[in-house]
Structure formats: C-alpha cells, structure tokens
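Novice: Can you look at this prediction? I've put the sequence above it.
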Amino acid sequence: MGDFMIMKTTKIEITVYEAGSVNELPAGDAALLKEALAATKQSYAPYSKFNVGAAVLLDNGEIITGSNQENAAYPSGLCAERVALFYANSRFPNVAVKALAISSAVNGVEYDEPAYPCGNCRQVLLECEHRFGMPIKVIMGGAKTIKIVHSAKDLLPLSFELK
Ligand code: THU
C-alpha cells in the first residue's frame with residue numbers, strides 16, 4: 001500500500017468481441033480468417049512446428065496473406081503478421097490497412113486458442129494504424145474461440161510513438 005495511497009489511478013478498458021466459430025462472424029471477417037487459416041499451410045516453421053497464417057485486408061479490397069518464416073538463427077525469422085503487413089505496405093504504400101486476421105495450426109490442425117499477436121507485431125500494427133489514420137480490426141482466430149478488437153490500439157495501451 002504505502003505510496004499507492006496517494007497516487008491517482010486510471011482504468012484502461014478495452015472491448016473484445018468474441019465468437020465461438022467462424023460461422024458467427026460477419027461474412028467479410030469470416031472470409032479473411034479463412035484466408036489466414038489457409039496461409040498457415042505456407043508457413044516455414046521447422047523449429048517451432050507452430051504454423052501461423054495472417055491475412056491483411058486493404059482499403060482497396062486487396063487481400064495479402066503471409067505466414068511465419070523461421071531461421072536456424074532464431075531471431076532472423078519473422079512472424080506471419082509482420083510478413084503480411086510489411087509485404088502489403090511495400091506493394092501498396094498508399095493504401096490503408098482495414099483488418100488483419102490471424103490463425104495458427106499444429107500438424108495441420110487449427111489451434112484451439114486464438115492466435116494473439118506478439119508484442120513486436122502489435123507495435124508494427126500500431127504504426128500502420130497511425131500511418132494511414134485508420135483503425136485496424138484484428139481478428140484472432142482459434143478453433144474454439146475467435147476474439148476481435150476494433151483497433152490495434154486496444155492491444156497496446158500506453159504505447160510508444162514519436163510525434
Ligand atoms: N509467431 C507468429 O508468427 N505470430 C505470432 O503472433 C506469435 C508467434 C511465430 C513465430 C515462430 O515462428 C512461431 O510462431 C513460434 O513462436
């Protein structure tokens with residue numbers, strides 16, 4: 001207690017939407033998540049054997065997919081989300097990202113838990129949001145539960161940015 005007694009506190013609240021299966025999602029979100037699941041098949045993950053797929057929906061309707069790409073020198077690999085986002089941004093540098101769906105699989109079977117992006121990917125998502133001034137919906141798919149937030153900011157409160 002001590003010092004905390006004199007401190008002001010604030011509560012940060014985020015809204016997480018949840019669905020039990022892809023059939024409960026709006027058609028666009030379901031289609032994007034299916035693309036992410038399909039992209040897990042393109043993953044190169046001989047070390048972790050954890051296959052991640054990501055699908056980016058751009059403001060021009062284009063969908064770009066990516067998958068995790070590992071390396072024997074572990075840190076040289078890259079997550080599916082950043083492979084997809086960086087590729088989308090380099091092909092379409094002037095087109096905003098509207099949504100990102102993520103899926104994961106082990107031995108070709110979709111993982112039960114939602115695929116939550118790592119901290120580095122959250123930072124990259126946030127940059128993308130700021131860059132285009134448009135919130136990115138993040139659809140985190142799992143075989144048993146799907147979680148959705150309507151902005152990358154929800155995944156990274158009190159975040160670093162240079163203004
Ligand atoms: N991975 C992703 O591709 N995305 C995430 O959000 C978390 C982790 C990858 C990195 C590595 O290839 C494997 O999953 C196991 O950590």
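Specialist: All right, it came through fine.
Novice: which residues pair with residue 99 across the strands?
Specialist: On the basis of DSSP bridges, residue 99 is bridged to residue 57, residue 137.
Novice: tell me, how many neighbours does it end up with?
Specialist: For residue 99, the count of nearby residues is 21 (other Cβ atoms under 10 Å). From N, CA and C alone the C-beta is placed, and that goes for glycine too.
Novice: residue contacts, it?
Specialist: 28-29, 32, 56-57, 136-139 (Cβ atoms under 8 Å, 6 or more residues apart in numbering).
Novice: Now stretch 17-35 - C-alpha only, CSV.
Specialist: Output of stretch 17-35 as CSV, limited to C-alpha atoms (Å, rounded to 0.1, in the frame of the first residue of the first chain):
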residue,chain,number,x,y,z
TYR,A,17,-15.7,-9.2,-29.3
GLU,A,18,-15.9,-13.0,-29.1
ALA,A,19,-17.3,-15.7,-31.3
GLY,A,20,-17.5,-19.5,-31.0
SER,A,21,-16.9,-20.2,-34.6
VAL,A,22,-16.2,-18.7,-38.0
ASN,A,23,-19.9,-19.1,-38.9
GLU,A,24,-20.9,-16.5,-36.3
LEU,A,25,-18.7,-13.8,-37.9
PRO,A,26,-19.8,-11.2,-40.5
ALA,A,27,-19.1,-12.6,-44.0
GLY,A,28,-16.0,-10.3,-44.6
ASP,A,29,-14.4,-11.2,-41.3
ALA,A,30,-15.1,-14.9,-41.9
ALA,A,31,-13.6,-14.8,-45.4
LEU,A,32,-10.4,-13.0,-44.1
LEU,A,33,-10.0,-15.5,-41.3
LYS,A,34,-10.3,-18.4,-43.7
GLU,A,35,-7.5,-16.9,-45.8
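Novice: ok, and for that stretch, which residues are buried?
Specialist: The neighbour-count check on stretch 17-35 (16 or more other Cβ atoms under 10 Å) flags 19, 22, 25, 29-30, 32-35 as buried.
Novice: Of the residues you listed, which belong to strands?
Specialist: residue 19 (DSSP state E).
Novice: Same list as before, the buried residues of stretch 17-35 that is, but in JSON lines and with pLDDT included.
Specialist: Formatted as JSON lines, these follow (pLDDT from 0 to 100):
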{"residue": "19", "pLDDT": "98"}
{"residue": "22", "pLDDT": "96"}
{"residue": "25", "pLDDT": "97"}
{"residue": "29", "pLDDT": "98"}
{"residue": "30", "pLDDT": "98"}
{"residue": "32", "pLDDT": "98"}
{"residue": "33", "pLDDT": "98"}
{"residue": "34", "pLDDT": "98"}
{"residue": "35", "pLDDT": "98"}
